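> the following comprises the amino acid sequence and a computationally predicted model.
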Amino acid sequence: MISVEKQIKILAFAGSLRKGSYNKALVRAAVELASENVAMEVFDLEGIPPYNQDLENTPPERVTEFKEKIKSADALLIATPEYNYSVPGVLKNAIDWASRPKTGNPLEGKPVAIMSASIGRLGGARAQYHLRQSFIFLNMHPVNQPEVMLPSAADNIDPNGRLTNEQTRELIRQLLEALVAWTNRLKGKPQ
């Protein structure tokens, strides 16, 4: 058994509010597939209001909770749908809240891995690339490979919300391993 001190704490969330979200299914699969050296916590973005700069120094309780979860995590795992060739508004909104004000930004220097599911042929690739652009400005450290992009999600997730595509399950396992190794490397810990 791995001691709690040696576990990597990963905060996972999906950029979708839909109950039957394919990206929430990816997050559930990641929880299933995480190794014993990972403590995975899932956060639902439901309840985070639209970003309002007037409130950034006194954010709503749900925003404060989100920022604290990010701060206490060693790394992040984000599953993003693709809407109109980009990141969904709910995810961009959550990132905007988390990154403001600039002082005390819990995203600064945070290791992060991205995965996506889409009903389209590209599996959310364009949303992932837009998200990576935000990470540059936020000085986050994304895992580059493997890329987890599930196309035709409706055919690869069963009615109970379980990811059935074995190749994607293996890629998620590899992505988690890469995120742990990357997090340890950034912390200066032996791999």
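Received, thanks.
> skipping adjacent residues, who's closest to Glu46 in space?
The shortest distance from Glu46 to any non-neighbouring residue, by Cβ to Cβ, 6 or more residues apart in numbering, is to Leu17 (5.5 Å). No exception for glycine: its C-beta is placed from N, CA and C like everyone else's.
> can you count the residues close to Lys24?
24 (other Cβ atoms under 10 Å).
> now name the helix or strand holding Gly161.
Using DSSP states H and E, Gly161 sits within no helix or strand.
> helices of the protein, start to end?
For the chain, the helices defined by DSSP state H cover 22-33, 61-72, 89-99, 125-138, 166-187.
> of all these, which one is nearest Asn52?
For Asn52, the closest of the helices of the chain is helix 89-99, at 9.0 Å, according to Cβ to Cβ.
> what comes up buried for that closest one?
90-99 (16 or more other Cβ atoms under 10 Å).
> and that helix, what does it pack against?
helix 61-72, helix 125-138 (3 or more Cβ pairs under 8 Å, 6 or more residues apart in numbering; DSSP states H and E).
> ok, residues contacting that helix?
Helix 89-99 is touched from outside by 13, 15-17, 45, 48, 50-51, 56, 59, 63, 66-67, 70, 78, 80, 83, 105-107, 131, 134, 138, with contacts defined as Cβ atoms under 8 Å, 6 or more residues apart in numbering.
> can you pull the contacts of Glu143?
For the record, residue 143 is Val, not Glu. The contact partners of Val143, taken as Cβ under 8 Å, 6+ apart, are 111-114, 175, 178-179, 182.
> turn those residues into a markdown table, columns for distance to Ala34 and pLDDT.
Shown next, in a markdown table, are those (distance: Cβ to Cβ, whole Å; pLDDT from 0 to 100):
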| residue | distance to Ala34 | pLDDT |
| --- | --- | --- |
| Pro111 | 15 | 98 |
| Val112 | 16 | 98 |
| Ala113 | 12 | 98 |
| Ile114 | 16 | 98 |
| Leu175 | 11 | 98 |
| Ala178 | 13 | 98 |
| Leu179 | 10 | 98 |
| Trp182 | 15 | 97 |
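> among these, name the buried ones.
Looks like the contacts of Val143 have 111-114, 175, 178-179, 182 buried, using 16+ other Cβ under 10 Å.
> out of the residues you listed, which is nearest to Ile8?
Using Cβ to Cβ, Leu179 comes nearest to Ile8 of the buried ones among the contacts of Val143, at 7.7 Å.
> contacts only, for that closest one.
8, 10, 75, 77, 111-113, 143.
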